[in-house]
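>>> 3D, please:
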Amino acid sequence: MATITEVAKLAGVSSATVSRVINNNVKVNDSTQKKVKDAMTKLGYRPNSIAQSLASNRSNSVGILVSELNGYYFGQMMAGIEAELRAAGKHVIITTGHSEEDKEKEGIEFLISRNCDAIILHVEAVSDDYLVNLCKGDMPVYLMSRSVEGLNENCISLNNKLGGYLATQAVIEQGHKNIAYIAGPQFKADSKDRLAGHIRALTANNIPFEDTLYFEGDFNETGGSEGLKYFIDNKRMFSALVCANDEMASGAITYAREKGFSLPEALSIIGFDNMNFTRHTYPKLTTIDNPVNLMGHMAAKLVLKNVYQYKNLSITHFFEPTLITRDSVTINS
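Sure, this is the predicted structure:
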């Protein structure tokens, strides 16, 4: 088996330069990189990852914990993180927490045990106090889609209160005053913030918040269909439906069509997240853009900057949502 010394000799560089190319943690000019990689290929040299880890005290791997593996939202989040880290020669180890405290803690301990250089967490059930204490340990910890007081520099999050406000304000500006709301699970911080934004928009327009026009869903399509059924069964009058995410909005659209509603003429519906399928619903869903892929890239950059000492990386910690206007909201006549 070829050695790093033989690679260096063939490439006409030092062993230290070969090491820098392999570890990808110090910039080496393109022509030198090509010489080293060509030499590695010619000699059939493959770096020993265990030896690299022992020598550098780095595993070149980053742990990721998300709530679920299925669905567009978490897929886009993980894709953003992985793409940024892979471009830097790092790899990811992924596990799930299923929005349950015990499983989130179990997943975190698993990632720590895998000797990751850092972990990126999308957690919803563990407490802020738990996360503050976790960040006092040796493992660098970064949080996705969550802001914890005292850990602001470790967080990448969205202004969900503004997003909730923009969604409800959008239907109010189309003349709607009787507005139903399907929330996400209220133990989740983003759900609570989106509801707070909804109430803020109502208050700003002198529209009272009514408990009978509120339903707590599950962030799945079933939450949307069950929520709309609840309002209809209780004979509530409303011309617009605001949903705390796109999946519930999709479920509501399906149920409304099954019940013979003409959309958006009889009922305007707005979602939140701007998931890929929203451009293909009928009508195309008006929604709030949640740039989760970009936020994933940013979380990875935060790790590269703080853990791997990459220079000249600009970090945005707090993202602003925007309204995406399509066809599912119309003027209330």
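
>>> number of nearby residues for the residue nearest to residue 90 when sequence neighbours are not counted?
Excluding its sequence neighbours, the residue lying closest to residue 90 (CB to CB, 6 or more residues apart in numbering) is residue 60, at 5.2 Å. C-beta: built from backbone N, CA, C; applies to glycine. Counted with other CB atoms under 10 Å, the neighbours of residue 60 add up to 20.

>>> Can you tell me how far residue 60 is from residue 149?
32 Å (CB to CB, to the nearest Å).

>>> The stretch 101-250 of the chain: strands as residue ranges?
For the stretch 101-250 of the chain, applying DSSP state E, counting those that start in this stretch gives strands covering 118-121, 141-144, 155-158, 179-183, 214-216, 240-243.

>>> Parallel or antiparallel, list what pairs with the shortest one.
Okay, so that is strand 214-216. Strand pairing for strand 214-216, determined by DSSP bridges: strand 179-183 (parallel).

>>> Which positions in the strand it pairs with come out as buried?
179, 180, 181, 182, 183 (16 or more other CB atoms under 10 Å).

>>> is it true that residue 271 touches residue 241?
No. Using CB atoms under 8 Å, residue 271 is not in contact with residue 241; the gap is 9.7 Å.

>>> mind putting the strands of the stretch 101-250 of the chain in TSV, distance to residue 70 and mean pLDDT included?
Shown next, in TSV, are the strands of the stretch 101-250 of the chain (distance: least, CB to CB, whole Å; pLDDT from 0 to 100):
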stretch	distance to residue 70	mean pLDDT
strand 118-121	18	98
strand 141-144	17	98
strand 155-158	21	98
strand 179-183	21	98
strand 214-216	22	98
strand 240-243	19	98
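
>>> still on that earlier bit, and for residue 271 and residue 241, which residues touch both?
Common contact partners of residue 271 and residue 241 (CB atoms under 8 Å, 6 or more residues apart in numbering): residue 249.

>>> Give me the phi and psi for residue 298.
phi -70, psi -40 (degrees, to the nearest 10).

>>> For burial, what's the neighbour tally of residue 185?
16.

>>> now the one 3 residues further on
The local packing count at residue 188 equals 20, with neighbours defined by other CB under 10 Å.

>>> What residue, apart from its backbone neighbours, is nearest it spatially?
residue 124 (4.9 Å).

>>> do residue 202 as well
residue 209 (5.3 Å).

>>> CA atoms only: put the host helix or strand of residue 36 into PDB for me.
Secondary structure from DSSP states H and E places residue 36 in helix 30-43. Provided in PDB are the C-alpha atoms of helix 30-43 (Å, rounded to 0.1, in the frame of the first residue of the first chain):
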ATOM      1  CA  ASP A  30      -5.800  24.300  -7.300                       C
ATOM      2  CA  SER A  31      -2.800  23.300  -9.300                       C
ATOM      3  CA  THR A  32      -1.100  21.800  -6.200                       C
ATOM      4  CA  GLN A  33      -4.300  20.000  -5.200                       C
ATOM      5  CA  LYS A  34      -4.500  18.500  -8.700                       C
ATOM      6  CA  LYS A  35      -0.900  17.200  -8.500                       C
ATOM      7  CA  VAL A  36      -1.600  15.600  -5.100                       C
ATOM      8  CA  LYS A  37      -4.900  14.000  -6.200                       C
ATOM      9  CA  ASP A  38      -3.400  12.700  -9.400                       C
ATOM     10  CA  ALA A  39      -0.500  11.200  -7.500                       C
ATOM     11  CA  MET A  40      -3.000   9.600  -5.000                       C
ATOM     12  CA  THR A  41      -5.000   8.100  -7.900                       C
ATOM     13  CA  LYS A  42      -1.900   6.800  -9.700                       C
ATOM     14  CA  LEU A  43      -0.600   5.100  -6.500                       C
END
